[in-house]
Structures are given as C-alpha cells and as structure tokens.
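In: next come a sequence and a model predicted from it.
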Amino acid sequence: ETGVTQSPTHLIKTRGQQVTLRCSSQSGHNTVSWYQQALGQGPQFIFQYYREEENGRGNFPPRFSGLQFPNYSSELNVNALELDDSALYLCASSSQGLAVYNEQFFGPGTRLTVL
Amino acid sequence: AQKVTQAQTEISVVEKEDVTLDCVYETRDTTYYLFWYKQPPSGELVFLIRRNSFDEQNEISGRYSWNFQKSTSSFNFTITASQVVDSAVYFCALSEAKSLGGSQGNLIFGKGTKLSVKP
C-alpha cells in the first residue's frame, strides 16, 4: 500500500509569484485535505476535496485554490504569494464512506519559502 | 467555536523520566473526536491515537497512555520512561463527527508541545 506523497519537498519563490503543490493520496482514498503549518504553530485547515469538488474550507483567502483529479490526487495553488505564506504545507488523505470516522493520513509535506 | 489549547510550549526531561503533555479543548458538539499526533524533525505527522467523545476509558499502549476527562475537557498524554527517540513536537487535535453521508470534519490542532528528551 502506497502512502501519501507530496511534491516538491522544498520550494523557494518570491513575493507575487504563483505556486502549485501536488499530493498523491493513499491507495483507496478518495478525499484530500490540505493544511498550512507556519513555523512554531499547529497545522491549519485550508480546504478539503472530495469527488473532485471542494468540500469544506478554512479561513483562507480565494488566492488559495485547489483541484482534485479523477485518480484522487490533488493540487494546491497559491497566487500572489506573500511572505506569510512561507510554511509547511501538509496533505492528508482519507476515505469517505459509511464508517463513523475516516482516518486522515498525512504526507511528508512541502516546505515553501517566500522571499 | 472549536479550539485546542496546549499550554506547554516546550518541555525538557532526562531519559527515563515520565512526562505528561496537557491538552484542553473547547467544542459545542456532543459528538467529536480527539487525537494526538507526533511530528519528528522530518515534518510528517504521525498518528498516535483517536478517541471519540463517548469513550472516556483511559488507554495504554506500551509506554504511552492517555487520560480523557470530559468533565474538564482535557485529553492528556503521558509518556512513561521517556527515551531520546520520543523527542518531537506533539499535537493534540479535535474533529467534529462526520455527518451521515456528509463531509469528514477537518482537524483543529493545538500549537503543539516540543518535547526534548536528553540522554
């Protein structure tokens, strides 16, 4: 069973640029959630994708957007990068189904630095 | 509003000491889930435990134990006989229950407690 993978591992961008981060969900999982973790803080929920549609969103501006593909992999896009966007971006996959709770499994993250 | 508070920012212990990490949560939901995750320097979040709001039984797994008390809205984590490999940032998190056929609740994390275990 393949776990959650994310690419790239590290990324350096300058203010105003756009960035795309990628996540491959764990085999059999159909839901992807994205979290932003600033230095010294806990992860914060950005949004969740299920069946290729946004299925819940945290307190993040519209310049944070995403996609989910038919194979359930996902992208996080951030436009007009700001210095405060520097963070570890974590992707978590889970399987929406009839179970009462569906565990979220996290990837290793992408560390984004905005200069 | 849902909130998780981990008042201890950093804890330093010597190997073999016991250590307790505190977690206090706030929620208006009657059904919810509580979690602990470990984050080593590599950055990946490692799942340790999940408890639902109806199960207040304490749990022990090897050197790890968890004390869930609804009356005080706390979900504390104790490591017995700590080891250097336990050094990491530990996060407590809260999630609302999934509505039937609905979306999985997102995780709300505390700010984490950095545990350093010295040899």
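Out: Here it is on my side, so go on.

In: which ones are touching B:Val19?
Out: Residues counted as contacts of B:Val19 (Cβ atoms under 8 Å, 6 or more residues apart in numbering or on different chains) are B:Ile11, B:Val13, B:Thr78, B:Ile79, B:Ser82, B:Leu115, B:Val117. Every residue, glycine included, has its C-beta placed from N, CA and C.

In: contacting residues around the strand or helix carrying B:Ile108?
Out: B:Ile108 is part of strand B:107-109, with elements assigned from DSSP states H and E. With contacts defined as Cβ under 8 Å, 6+ apart, strand B:107-109 is touched by A:33, A:35, A:42-45, A:92, A:104, B:2-4, B:35, B:37, B:91-95.

In: quick one: buried ones out of these?
Out: The neighbour-count test (16 or more other Cβ atoms under 10 Å in any protein chain shown) marks A:33, A:35, A:42-45, A:92, A:104, B:4, B:35, B:37, B:91-95 as buried among the contacts of strand B:107-109.

In: which of these sit farthest apart?
Out: Using Cβ to Cβ, the buried ones among the contacts of strand B:107-109 span at most 17.8 Å, a distance reached by A:Ser33 and B:Cys92.

In: could you report the neighbour count for A:Asn71?
Out: 9 (other Cβ atoms under 10 Å in any protein chain shown).

In: which SS class is it?
Out: coil (DSSP: H, G, I helix; E, B strand; the rest coil).

In: how near is it to B:Gln57?
Out: 40 Å (Cβ to Cβ, to the nearest Å).

In: can you pull out the low-pLDDT segments for the chain?
Out: Just so you know, I chose chain A. A:1-2, A:97-101 (pLDDT under 70).

In: that's the wrong chain, I wanted chain B
Out: For chain B, the ranges with pLDDT under 70 are B:97-105.

In: so which of the contacts of B:Val19 are in strands?
Out: Among these, DSSP state E puts B:Ile11, B:Val13, B:Thr78, B:Ile79, B:Leu115, B:Val117 in strands.

In: which ones are touching the last one?
Out: Okay, so that is B:Val117. B:Ser12, B:Val13, B:Val14, B:Glu15, B:Glu17, B:Val19, B:Ser82, B:Gln83, B:Val84, B:Val85, B:Asp86, B:Ser87.

In: same question, the third one
Out: Shown in contact with B:Thr78 (Cβ under 8 Å, 6+ apart): B:Asp18, B:Val19, B:Thr20, B:Leu21, B:Tyr64, B:Ser65, B:Trp66, B:Asn67.

In: so what's the closest residue to chain A within chain B closest to, chain neighbours aside?
Out: Nearest to chain A in chain B, going by Cβ to the nearest Cβ, is B:Phe109, at a distance of 3.2 Å. With sequence-adjacent residues excluded and distances taken as Cβ to Cβ, 6 or more residues apart in numbering or on different chains, B:Phe109 is closest to A:Gly42, at 3.2 Å.
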